[in-house]
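Novice: Fold the following.
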Amino acid sequence: MDKIVPIVIDLNKAKEKRLDESFLRMFGFGVKSLLKAMFGNVSIPVHLKGNPSDVKSFLNTLGAEKNYIQDFKNLGLENPRTYKSKGLLDTAVSKFQRKTGIKWPFS
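Specialist: Below you'll find the model as predicted:
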């Protein structure tokens, strides 16, 4: 039986290596995996490290990303609710990037 490997996202190390391309690839993969798990209702272990305000900003941005994808999928791109979700996502991404100095992988 395959063992599920936890996703580890360390926002403190991310700040140190924010310009490192391999780190950005790994960070993007972690976020993508989390989103896939959220949509597939799959439980995967996640270790999220960082100071509380950075972690909160990450979770807010991840939630905004999920909401936008759901609205896009369910309502289409032209729906006003989808536009609103995109605006909320853009705001969350901007706050996350400004707060942490880490580029959000899907903006």
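
Novice: Residue 51 and residue 70, how far apart?
Specialist: Between residue 51 and residue 70 the distance is 29 Å, computed by C-beta to C-beta, to the nearest Å. Just so you know, the C-beta spots here come from the backbone N, C-alpha and C atoms, and that holds for glycine as well.

Novice: Count the neighbours of residue 9 for me.
Specialist: Residue 9 has 21 neighbouring residues, counting by other C-beta atoms under 10 Å.

Novice: could you list every residue that touches the residue nearest the centre of the chain?
Specialist: For the chain, residue 62 is the residue whose C-alpha lies nearest the centre (C-alpha atoms, centre = their mean; 3.7 Å). Contacts for residue 62 were tallied using C-beta atoms under 8 Å, 6 or more residues apart in numbering; they are 31, 34-35.

Novice: and these, which of them are in helices?
Specialist: Among these, the members found in helices (DSSP state H) are 31, 34-35.

Novice: one step back: write the PyMOL selection for whichever of the contacts of residue 62 are buried.
Specialist: Command for PyMOL that selects the buried part of the contacts of residue 62, burial taken from 16 or more other C-beta atoms under 10 Å:
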select buried, resi 31+34
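
Novice: The contacts of residue 62 into JSON lines, with extra columns for pLDDT?
Specialist: Output for the contacts of residue 62, formatted as JSON lines (pLDDT from 0 to 100):
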{"residue": "31", "pLDDT": "88"}
{"residue": "34", "pLDDT": "87"}
{"residue": "35", "pLDDT": "87"}
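
Novice: Using TSV, lay out the contacts of residue 62 together with distance to residue 56.
Specialist: Output for those, formatted as TSV (distance: C-beta to C-beta, whole Å):
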residue	distance to residue 56
31	16
34	16
35	18
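
Novice: List just the nearest of the contacts of residue 62 to residue 79.
Specialist: Minimum distance to residue 79 across the contacts of residue 62 is 20.4 Å, recorded for residue 35 (C-beta to C-beta).
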